[in-house]
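Asker: Just the structure for this:
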Amino acid sequence: MLAVLHEEHAADLRSLEKEWNSPWNRGAGSVSGDELMAARESLELVR
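Answerer: Below you'll find the model as predicted:
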């Protein structure tokens, strides 16, 4: 069960990192640095 939870958090982080690096990540609805950091911290919690 923990492996599934870890993979879900990892997939979420990969998605956010991809959007963060996108040239279209601007303005309303864009991924913030705080959001990215929170996703990384969540992943660390389920390791």
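
Asker: If you count contacts, what does the longest helix seen in the chain end up packed against?
Answerer: Looking across the chain with DSSP state H, the single longest helix is helix 2-21. Packed against helix 2-21 by the contact rule (3 or more C-beta pairs under 8 Å, 6 or more residues apart in numbering; DSSP states H and E) you find helix 33-45. For every residue, glycine as well, the C-beta is placed using N, CA and C.

Asker: right, and residue 5 touches residue 46 too?
Answerer: Yes. Proximity of residue 5 to residue 46 meets the contact threshold set by C-beta atoms under 8 Å, at 5.1 Å.

Asker: So the most centrally placed residue in the chain versus residue 34, what's the distance?
Answerer: For the chain, the residue nearest the mean C-alpha position is residue 13 (2.5 Å; C-alpha atoms, centre = their mean). To residue 34, residue 13 is 14 Å away according to C-beta to C-beta, to the nearest Å.

Asker: With residue 24 instead?
Answerer: 19 Å.

Asker: can you check residue 19 too?
Answerer: 14 Å.

Asker: Those two - which one has more neighbours?
Answerer: Comparing residue 19 with residue 34 by other C-beta atoms under 10 Å, the one with more neighbours is residue 19, at 15 against 8.
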